[in-house]
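A.B. asks: requesting a structural model of the entry that follows:
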Amino acid sequence: MQTASRVTDAEPLSNLDRILREASILVVDDEPGMRHFLDRTLRPRCRSVELASDTQEATALLEGAHFDVVILDNILSGKRGVDWLAEQNDTGFFPAAILITAYADLETAIQALQAGAADFVLKPFRSNQILNAVARCVERSRLQRENTVLRHELQASSDLILLRDKLIGNSLPIREVRATLARVAPLPSTVLLTGESGTGKEVAARMLHDLSERADKPFVPVNCAAIPADMVESELFGHVKGAFTGASGAREGLFQHARGGTLFLDEIGELPLATQSKLLRVLEDRKVRPLGTEREIPVDIRLVFATNVDLVQAVADGRFRADLFYRLNIVTIHMPPLKDRGTDVQDLADLFMAKLSQQLGMPPVAITSEVRAALAAYSWPGNVRELRNLIERSLILGRFAPDFLAQATLGLPASISTASSAATGANDETLAGMERRLILSTLAACGGDRDAAAAKLGISRKTIDRRCQDWNVS
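C.D. replies: Model prediction:
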């Protein structure tokens, strides 16, 4: 594909040039003079321009490359442009199409719209008319892709939104992760991120994207486990009109929305086996086949995968394809659990406290030395996400729950707090039993010293005396 000699970065760019500079254009016209005019008009401003004298050439070019806009003459030798466009839309044709014609009758305009044309330009036209039409199509497509990407962004958890800029912490494990990401980022290799839920795999994927040459292109996160099994192929690869019940029109998939950027497939271990085989083919050929068509569309993207399950075991259990696993397992980066990250928990707690207090409009809660000791002692089975939830709960209550401070020392789940005491029924009994075990075990650890146990639990001595009296404990 030929590359345009574009306006250089040193020259001031108009808004029109900024829109056009990354556009890839296909011109289909059987008149050499018109092809030459469009080539001369578009090539200095667009990323690439390809020329076809008939629909056969155009079809061949579409099979081998992606185009943002197709400029199509309606009167071609052997076939009308609207007829060819209608055929292409039934076989996985996604670029915006501008129909150019010398006949301004209403019937042709209606046929162009029905065939899927995005714009309609009458001959003869000036260069600024076709440039503006192309820019409108490019900008409309960009906004549609951004809208789709933003919908996926809004599904991100709030802890991800706080941490999306970088991996927080200075522990050795997280420094090693950052160093590996920086080393791998400039390469085109597929990356697999592993680790427990809540360890920051999507944060690492974003960092990988931001450090790469694709940083100015889309980053599209996809949670494979959140997409219904019967819709996952359509979401990833797209579909044409009529591909399945309810497919009233053609739709690009997320692979195409991530064009030029990074596609992050989280929870890859939850992908259905049938989709796994199609994904393997995409990895090998770098082409996607929308549902309902035999056409394969080239895609230029960086693929990053993540999983919190043991894929080796999933392969042994028959839940994950071995060939796909070997294809993914090129560069594997393991995200360490929070309990192995030392003082990072303190840095993260400070960050969450500052950001969430601002977000919630509530005054920050002091992180005292007692709280910091509990943060350090706790095992954090829910990792960073659990820490974030603890901070938010503390902001809502106006303090760190006393039972968290004790539970951290005893290794019990931090998610059980005094806020839970509003629960009723069977939950009351469960909490009452836990309270009894907690107080008695703390008393035992303190050698029966009720003052010391009360200080450790963050409750009053009278509370312990009252509970011991209720339980007939001397």
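A.B. asks: all strands of the stretch 51-200 of the chain, in order?
C.D. replies: Assigned strands in the stretch 51-200 of the chain, in chain order: 69-73, 75-76, 79-80, 96-101, 119-122, 191-194 (criterion: DSSP state E, counting those that start in this stretch).
A.B. asks: got it, and the stretch 251-400 of the chain?
C.D. replies: With strands called from DSSP E, counting those that start in this stretch, the stretch 251-400 of the chain shows them at 251-252, 262-266, 287-288, 297-298, 302-307, 331-334.
A.B. asks: who touches the fourth one?
C.D. replies: In this case it means strand 297-298. The contact list for strand 297-298, computed with CB atoms under 8 Å, 6 or more residues apart in numbering, reads 64-66, 92, 94, 256, 286-290. Placement of C-beta: from N, CA and C, glycine included.
A.B. asks: rewinding a little: so for residue 342, which of the strands of the stretch 251-400 of the chain sits nearest?
C.D. replies: Closest of these to residue 342 is strand 331-334, at 16.6 Å (criterion: CB to CB).
A.B. asks: the closest one: which residues count as buried?
C.D. replies: Residues of strand 331-334 classed as buried: 331, 333-334 (neighbour count, 16 or more other CB atoms under 10 Å).
A.B. asks: would JSON lines of the residues you listed with distance to residue 118 and pLDDT be doable?
C.D. replies: Below are the buried residues of strand 331-334 laid out as JSON lines (distance: CB to CB, whole Å; pLDDT from 0 to 100):
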{"residue": "331", "distance to residue 118": "40", "pLDDT": "94"}
{"residue": "333", "distance to residue 118": "42", "pLDDT": "96"}
{"residue": "334", "distance to residue 118": "46", "pLDDT": "95"}
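A.B. asks: closest one to residue 150 out of those, please.
C.D. replies: Of all the buried residues of strand 331-334, residue 150 sits closest to residue 333, with 26.9 Å by CB to CB.
A.B. asks: which residues touch that closest one?
C.D. replies: Residue 333 neighbours (CB under 8 Å, 6+ apart): 177, 180-181, 184, 191-194, 204.
A.B. asks: try residue 400
C.D. replies: Taking CB under 8 Å, 6+ apart, we find residue 400 in contact with 365, 367, 371, 374, 390, 394.
A.B. asks: repeat for residue 66
C.D. replies: Going by CB under 8 Å, 6+ apart, residue 66 touches 24, 95, 259, 297-300.
A.B. asks: mind running it again at 6 Å?
C.D. replies: residue 298 (CB atoms under 6 Å, 6 or more residues apart in numbering).
A.B. asks: then residue 275?
C.D. replies: 232-233.
A.B. asks: list the buried residues in stretch 37-52.
C.D. replies: For stretch 37-52, the neighbour count (16+ other CB under 10 Å) marks 37-39, 41-43, 45-52 as buried.
A.B. asks: make a markdown table from those and add distance to residue 136, pLDDT and secondary structure to it.
C.D. replies: Below are the buried residues of stretch 37-52 laid out as a markdown table (distance: CB to CB, whole Å; pLDDT from 0 to 100; DSSP: H, G, I helix; E, B strand; the rest coil):
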| residue | distance to residue 136 | pLDDT | secondary structure |
| --- | --- | --- | --- |
| 37 | 20 | 94 | helix |
| 38 | 16 | 95 | helix |
| 39 | 20 | 94 | helix |
| 41 | 16 | 94 | helix |
| 42 | 14 | 94 | helix |
| 43 | 19 | 93 | coil |
| 45 | 14 | 92 | coil |
| 46 | 14 | 93 | coil |
| 47 | 17 | 90 | coil |
| 48 | 19 | 92 | strand |
| 49 | 18 | 94 | strand |
| 50 | 20 | 94 | strand |
| 51 | 22 | 94 | strand |
| 52 | 22 | 92 | strand |
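A.B. asks: ok, so of those residues, who is nearest residue 341?
C.D. replies: So of the buried residues of stretch 37-52, ranked by how close each gets to residue 341 (CB to CB), first place is residue 47, at 43.3 Å.
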